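Asker: no FASTA, just this:
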């Protein structure tokens, strides 16, 4: 049976702590439904863009957004289809999560299947691979080459071993041992093992990340569906691939002797950075709920207005000289227009003269 080898280092513990703290704030932050929907929509857009861009998709974030909204984009057919496919995979993940529901206890009750992984691959490669290879394990040897040097950087296991390795992995996921592992660690292990086995002729990276996301959801780590760890990987794709390959290319007699610790340190750091970013944004926007409590009505503020309100809430006042701290890329006139709106709504009041004006909560 598959038994992953790794060490829980101080770095992993530190990042898990950051993840848990951020998760707690995100899950309990008071957000009006409009902001909740906006965050989820943006998370899907970021996941689809970075998840496909990491594999060489040339569409920009704006073009990805247009494709997801059903608009026509002038681009390579394959790039457009990859975006549509990855969106459908995310819908598939949400469908499974909605059907099974969050875990009722710390020991999850779901039963993961090989068929789920195959269906994910079929969605990822729809109209990209032939029906003979889409949603099916590879039956030939493949190699991973360095794009620049064309040298072989990693050789996955032989094709005949793939079904057995995948069965081994799924059995581990469903075992008491697998279910007892922290969801972030488990998702990282599954991501690595799918990348190592490389069970398909194409689409392995997208499937690995999608399965890791599904496992997080099933273990209660959907985190309001606000996050996208693909963005962290896509910021430095070379580091992403080199970290995976460094573990896979370890010289060991048995593949189960490979030490996954470097990969798990990298993976948990990425999740920690992403959730911390989401936490900060949620904290900034959650002021919307405080405004609703104060005025007895919901007022949708834009992000600049939210940042002004949050700054005044934290620092008790905002002066003209503070404008540059919050908005280094905007003119004073732009900031003053936002403040004028807040004053008109009765949220902020001005004290002092023009040059020494101070803005405080009303």
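Answerer: Nice, thanks for sending it over. Because the structure is predicted, anything quoted here is derived from the model rather than measured.
Asker: mind checking how far residue 81 is from residue 2?
Answerer: 33 Å (Cβ to Cβ, to the nearest Å). In short, each C-beta sits where N, CA and C put it, glycine included.
Asker: Equivalent analysis for residue 95, please.
Answerer: 27 Å.
Asker: These two - which one has more neighbours?
Answerer: In this view residue 95 and residue 2 are compared by other Cβ atoms under 10 Å, and residue 2 has more residues nearby, 19 against 10.
Asker: Could you tell me which residues make contact with the more buried one?
Answerer: Shown in contact with residue 2 (Cβ atoms under 8 Å, 6 or more residues apart in numbering): 165, 168-169, 171-172, 193, 256.
Asker: Which of these ranks first by neighbour count?
Answerer: residue 169 (25 neighbours).
Asker: Next one: residue 261 relative to residue 11, how far apart?
Answerer: For residue 261, the distance to residue 11 - Cβ to Cβ - is 9 Å.
Asker: Check the secondary structure at residue 349 for me.
Answerer: strand (DSSP: H, G, I helix; E, B strand; the rest coil).
Asker: Excluding chain neighbours, what is closest to it?
Answerer: residue 362 (4.3 Å; Cβ to Cβ, 6 or more residues apart in numbering).
Asker: now do residue 158
Answerer: residue 141 (6.1 Å).
Asker: And for residue 52, the neighbour number?
Answerer: Residue 52, neighbours per other Cβ under 10 Å, totals 26.
Asker: Please disregard the earlier target; I meant residue 303.
Answerer: Other residues near residue 303 come to 12 when the count uses other Cβ under 10 Å.
Asker: now residue 345
Answerer: Count around residue 345 with other Cβ under 10 Å applied: 15.
Asker: Got phi/psi on it?
Answerer: Per-residue torsions, residue 345: phi -80, psi 0 (degrees, to the nearest 10).
Asker: Low-confidence regions, this structure specifically.
Answerer: 32, 34, 101-109, 147-148, 286-300, 354 (pLDDT under 70).
Asker: So which residue is dead centre in it?
Answerer: Nearest residue to the geometric centre of the chain (Cα atoms, centre = their mean): residue 228, 1.5 Å.
Asker: residues contacting that residue?
Answerer: 43, 46-47, 50-51, 274.
Asker: Quick check: the farthest pair among the residues you listed?
Answerer: Greatest spacing in the contacts of residue 228, by Cβ to Cβ: 51 and 274 (13.0 Å).
Asker: Those two: who's more crowded?
Answerer: More crowded of residue 51 and residue 274, by other Cβ under 10 Å: residue 51, with 29 against 23.
Asker: what about that one, which helix or strand?
Answerer: helix 33-53 (DSSP states H and E).
Asker: okay, now the closest residue to residue 86 other than its chain neighbours: neighbour count?
Answerer: Among residues not flanking residue 86 along the chain, residue 48 sits closest, at 4.8 Å (Cβ to Cβ, 6+ apart). Residue 48 has 28 neighbours, counted by other Cβ under 10 Å.
Asker: Can you tell me how far residue 48 is from residue 224?
Answerer: Distance from residue 48 to residue 224, by Cβ to Cβ: 18 Å.
Asker: before we move on, what about residue 218?
Answerer: 15 Å.
Asker: Name the residue in those two with the higher neighbour count.
Answerer: More crowded of residue 218 and residue 224, by other Cβ under 10 Å: residue 218, with 23 against 16.
Asker: does the more buried one really touch residue 99, like I thought?
Answerer: No: applying Cβ atoms under 8 Å, one finds residue 218 not in contact with residue 99, separated by 10.6 Å.
Asker: any residues in contact with both of these two?
Answerer: With Cβ under 8 Å, 6+ apart applied, the contact sets of residue 218 and residue 99 do not overlap.
Asker: one step back: which of the contacts of residue 228 lies at the shortest distance from residue 90?
Answerer: Closest to residue 90 out of these is residue 47 (6.4 Å), distances taken as Cβ to Cβ.
Asker: show me what contacts residue 118?
Answerer: Neighbours of residue 118 in contact, by Cβ under 8 Å, 6+ apart: 135-137.
Asker: what about the strands in the stretch 201-350 of the chain?
Answerer: Secondary structure of the stretch 201-350 of the chain, counting by DSSP state E, counting those that start in this stretch: strands at 318-319, 348-351.
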